[in-house]
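Asks: this is the structure alone, sequence omitted:
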């Protein structure tokens, strides 16, 4: 028999301990006395709760989402050079094909294009941050960096053609916003932008990102 | 041992307690009557009810220091509000007071005092066995049922009375325990006093015309019940206004009853003697005299109980009902003398059922009582007819029973599974949400914005940094525009952001009052502040959450 204390019952039923104490006094909840203390048989208690339709607070199965750094996300997604394509759709399709993903890529592309239709993710200065409208379930957070072979008209806000894509894919809105906020922060730096224009190696970019990220907080 | 089985056993023990209480009161009444019998005819006997009422209130208020009232409302209050706890002294205090009142001639019944005695014994037995509130409440119901069952030798009526008037709901667990208590209570009385059917009548010949006449009688019983209840209320408030001392008040009431008794001696005492006479067809009252006694008894009862005398309404209702039935039968004979109406005992019984059911708002009690105390089912249809019609009609004018009226007047009437009941169960402490950030009143907006960034809550309690007292509440919704205006960051103090229209509640508030504050202030959240200290927030959503769970555990499976 698995025994529960008042404290555990109060957590399971999501009620304060004084309510549980009152219920004991009024005889509304099944309990036993052991050595002068109130204990509850877990199986009996769960039966009782189900009988009365009282919701039980799910035991915390959900593992807390781990935060991920920009560096880790880009390392996971990868850095690719000379991406082919003459339009938004073409570059996005080619970019997705390069990523190591276990999802329906056509569906994902559809979501990315929907987002572009709402409002271009070209944030200016030749940079675009494509991402799907909703978080993608069951994937690891990642950012794929794609340098384009030819600059593409991305309908960016400042009208400039885009030369690099940071494709953000996250399982939750919270992580997405966190990464987006960090990315936007470093993309505001002029010297980083000029670094991107000249960037030719994956290692160089990752090094730079790691360095900049360390200064954010 | 199985919980229910254990409860049934303890219920039987409580039944013994209730039954014994009834036997004791019967004996006390007999003794009182015997002592006073030689003086009954003398010229000064009219003063007896006054002396009896005075002594009984002095005894109750100053000697045993028990609260007044005729008993049943106290039992109902304890069942709904105190988990069935009743003081042990209540088990004898009212029996003695009531014996003094009634044997001296006061117009009241012995039932209510016996009910509270039985209930008190049962409550203390429950405490001895360390039963929980819910089970103790059932036992108290059992004790009350046993008391009524023992007085009338009518177990089913006792059970019905307890469920209708005291517990207020018929559920399977209630029913079993209370039935056992009532049966045991009746049995105890039989052992001591023999198995008597109190008003065993002869056989009745009931024609269809008699059944129709029942409907007419139910109008009379309804009117009589309404008169009794209204007059009782009137005399109670009038006497409370005129005389402040409870003992003098009861003595004055008794004096008037004594004076009435000079002219109509039938109004004195609990009056079962006269009921028996009528039921056995030995009465010699004419039409007018029967009517006069009905009214006189009503007035005397209201005077005795309304001025604070100790005693119940049960017996007076039966006396009034029987005289009313007699009056009605004489009236029928007067209108249609050649028709062969059923005997006067038949109408007297129906009158008793009608008046009792209406005053108590408990039709089943009236029906079963009459069936049982007459020892036969011949009159069942007529009794059901009179009781039900009379209760339905009187409910239009007097929607609550005489017991509940007292509690309603004190704002303490609660019925199981009602909104008020559930709200009264919950305590503010159980609902407080302590996840509310406290901030100092002298904090600048700049600092505050930093706190807002890091916390999830929408409400912030502002505390005086000097004494830690609560000053007010800041709601994020109200100050959004300032939060995004960096120009104000150093000019605004948190103190200036407080919403002045949020009332506070204290730990002493009943939840019902809290809900009223929610309703009129249109807030979804209220701060709980006690002695200046901030305890947390109480929110409507959390109340709903708890309220539902409270309802769910109340459900009987």
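Replies: Perfect, thanks for sending it. For clarity, every value in this text was computed on a predicted model and none was experimentally measured.
Asks: just read off the phi/psi values of residue B:509.
Replies: When read as degrees, to the nearest 10, the backbone of residue B:509 gives phi -70, psi 140.
Asks: mean confidence score for stretch B:25-32?
Replies: Stretch B:25-32 shows a mean pLDDT of 82.
Asks: and stretch A:47-57, by the same measure?
Replies: Averaged over stretch A:47-57, pLDDT sits at 85.
Asks: for the residue of chain A found nearest chain B, which non-adjacent residue is closest in space?
Replies: Residue nearest to chain B within chain A (Cβ to the nearest Cβ): residue A:27, separated by 2.6 Å. Any C-beta I mention is one placed from the backbone N, CA and C, and that applies to glycine too. Ranked by Cβ to Cβ, 6 or more residues apart in numbering or on different chains and with sequence neighbours excluded, the top spatial neighbour of residue A:27 is residue B:132, at 2.6 Å.
Asks: the one you found contacts residue A:24, correct?
Replies: Yes - using Cβ atoms under 8 Å, residue B:132 is in contact with residue A:24, at 7.4 Å.
Asks: residue in chain B nearest to chain A?
Replies: For chain B and chain A, the shortest gap (Cβ to the nearest Cβ) falls at residue B:132, measuring 2.6 Å.
Asks: check that residue and give its pLDDT.
Replies: pLDDT, residue B:132: 82.
Asks: wait, what's in contact with it?
Replies: Contacts for residue B:132 (Cβ atoms under 8 Å, 6 or more residues apart in numbering or on different chains) come out as A:24-28.
Asks: okay, and the residue nearest to residue B:59 when sequence neighbours are not counted sits in which element?
Replies: The shortest distance from residue B:59 to any non-neighbouring residue, by Cβ to Cβ, 6+ apart, is to residue B:97 (5.5 Å). Assessed by DSSP states H and E, residue B:97 sits inside helix B:90-103.
Asks: quick one: list the elements packing against that helix.
Replies: Packing partners of helix B:90-103 (3 or more Cβ pairs under 8 Å, 6 or more residues apart in numbering or on different chains; DSSP states H and E): helix B:3-36, helix B:48-58, helix B:111-128.
Asks: which of the ones you listed has the lowest average pLDDT?
Replies: Among the helices and strands packed on helix B:90-103, helix B:48-58 carries the lowest mean pLDDT, at a mean of 79.
Asks: so how far is that one from its chain's centroid?
Replies: The chain centre lies 24 Å from the centre of helix B:48-58; the measure is Cα atoms, centre = their mean, to the nearest Å.
Asks: run through who's touching that helix.
Replies: By Cβ under 8 Å, 6+ apart, the residues outside helix B:48-58 that reach it are B:36, B:39, B:68, B:96-98, B:100-107, B:246-248, B:250-255, B:257-258, B:261, B:268, B:304, B:307-310.
Asks: again, 6 Å this time
Replies: B:97, B:100-101, B:104-106, B:246-247, B:250-251, B:254-255, B:257-258, B:308-310 (Cβ atoms under 6 Å, 6 or more residues apart in numbering or on different chains).
Asks: with stretch B:267-287 instead?
Replies: Applying Cβ under 6 Å, 6+ apart, the contact partners of stretch B:267-287 are B:102, B:105, B:107, B:109-110, B:199, B:201, B:260-261, B:266, B:296-297, B:300, B:315, B:318-319, B:322, B:326, B:330, B:334, B:343, B:345, B:348.
Asks: residue contacts, residue 161?
Replies: No chain was given, so I picked chain A. Counting by Cβ under 6 Å, 6+ apart, residue A:161 has contacts A:151, A:153.
Asks: wait, chain B
Replies: Taking Cβ under 6 Å, 6+ apart, one finds B:148, B:365 in contact with residue B:161.
Asks: from residue B:126, how far off is it?
Replies: 19 Å (Cβ to Cβ, to the nearest Å).
Asks: and for residue B:188?
Replies: Here residue B:188 is placed at a distance of 18 Å from residue B:126 (Cβ to Cβ).
Asks: which of the two has more neighbours?
Replies: residue B:126 (29 against 22; other Cβ atoms under 10 Å in any protein chain shown).
Asks: could you find the closest non-adjacent residue to that one?
Replies: Sequence neighbours aside, residue B:136 is the residue nearest to residue B:126 in space, at 3.9 Å (criterion: Cβ to Cβ, 6+ apart).
Asks: and the one you found, how far is that from residue A:28?
Replies: Going from residue B:136 to residue A:28 by Cβ to Cβ gives 13 Å.
Asks: who has more neighbours, those two?
Replies: A side-by-side neighbour count of residue B:136 and residue A:28, using other Cβ under 10 Å, places residue B:136 first with 28 against 20.
Asks: before we move on, which element is that one in?
Replies: Short version: residue B:136 belongs to helix B:133-152, going by DSSP H and E.
Asks: which residues touch that helix?
Replies: The contact list for helix B:133-152 (Cβ under 6 Å, 6+ apart) reads A:26-27, B:7, B:11, B:14-15, B:18-19, B:21-22, B:79, B:83-84, B:111, B:114-115, B:118-119, B:121-123, B:126, B:155, B:158-159, B:161-162, B:166-167, B:174, B:177-178, B:181-182, B:185-186, B:189, B:373.
Asks: then stretch B:100-115?
Replies: By Cβ under 6 Å, 6+ apart, stretch B:100-115 touches B:21-22, B:25, B:29, B:32-33, B:48-49, B:52-53, B:55-56, B:70-72, B:94-95, B:98, B:144, B:147, B:151, B:254, B:257, B:267-270, B:300-301, B:304-305, B:309-312, B:314-316.
Asks: coming back round to it: isn't the residue nearest to residue B:59 up against residue B:310?
Replies: Yes - assessed by Cβ atoms under 6 Å, residue B:97 is found in contact with residue B:310 at 3.9 Å.
Asks: so who does residue A:173 touch?
Replies: Counting by Cβ under 6 Å, 6+ apart, residue A:173 makes contact with residue A:135.
Asks: how about residue A:83, phi and psi?
Replies: Backbone torsions of residue A:83, given as degrees, to the nearest 10, read phi -70, psi 130.
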